[in-house]
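# everything below, folded, please.
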Amino acid sequence: MDNKRTCRLIRSSRTYHGKQGFDYHEAISKESADSQGICMMLLTILPGQRAKAHLHQNHETTIYMMEGKSCMWYGENLEQHMELEQGDFLYIPAGMPHLPYNPSTTDICTCVLARTDPNEQESVLLLPELDALWDSKKT
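Have a look, this model is predicted:
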């Protein structure tokens, strides 16, 4: 048995600003827990806040919506749209362009994210050419 590998308790007290434009509550990652194939974090999206259009080149993402409502444009040209409500689960495959946002002007939304890359930010690819579509797609 490898003596360096053990269970780790992480008390999320640190946040970091992701390339996507959101602030994440650090939880499980290569850096915090020496995880080998997964990362997990908590995300609170403020009213009216949105991410930058992006994709995760080499890893899948799962999301559990804990509180509030979130929406997301997704697809090659952000041509598809979905709404997530409290209690919903979402799967995003590797390489899928997406742009999540909080449609509320008053309520926050909070979700738990898990990804198949322990170095959460390394496979993030920003898509500035799709950000221009945001203004034409606001709902």
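
# measure Pro128 to Val112 for me?
28 Å (Cβ to Cβ, to the nearest Å). Just so you know, the C-beta spots here come from the backbone N, C-alpha and C atoms, and that holds for glycine as well.

# who has more neighbours, those two?
More crowded of Pro128 and Val112, by other Cβ atoms under 10 Å: Val112, with 16 against 9.

# any idea which element the more buried one lies in?
Under the criterion of DSSP states H and E, Val112 resides in strand 109-115.

# what comes into contact with that strand?
If you take Cβ atoms under 8 Å, 6 or more residues apart in numbering as the criterion, strand 109-115 is touched by 24, 38-45, 56, 59-70, 84, 102.

# adjacent strands (with direction) for that strand?
Using DSSP bridges, the strands paired with strand 109-115 are strand 39-45 (antiparallel), strand 61-67 (antiparallel).

# hey, where'd the strands end up in the protein?
Along the chain, counting by DSSP state E, strands occupy 15-17, 23-28, 39-45, 54-56, 61-67, 69-74, 80-85, 89-92, 98-101, 109-115, 124-126.

# can you report phi and psi for Arg8?
Main-chain dihedrals, Arg8, degrees, to the nearest 10: phi -130, psi 130.

# count of neighbours near it?
Neighbours of Arg8 under the rule other Cβ under 10 Å: 10.

# surely it touches Glu31?
No - with contact defined as Cβ atoms under 8 Å, Arg8 does not count as touching Glu31 (11.4 Å).

# so what's Leu126 bridging to?
His54.

# which residues does it contact?
Applying Cβ under 8 Å, 6+ apart to Leu126 gives the contacts 19-20, 52-54.

# give me that answer again for 10 Å
Leu126 makes contacts with 19-21, 51-55, as judged by Cβ atoms under 10 Å, 6 or more residues apart in numbering.

# and these, which of them are buried?
Buried by 16 or more other Cβ atoms under 10 Å: 20-21, 51-55, out of the contacts of Leu126.
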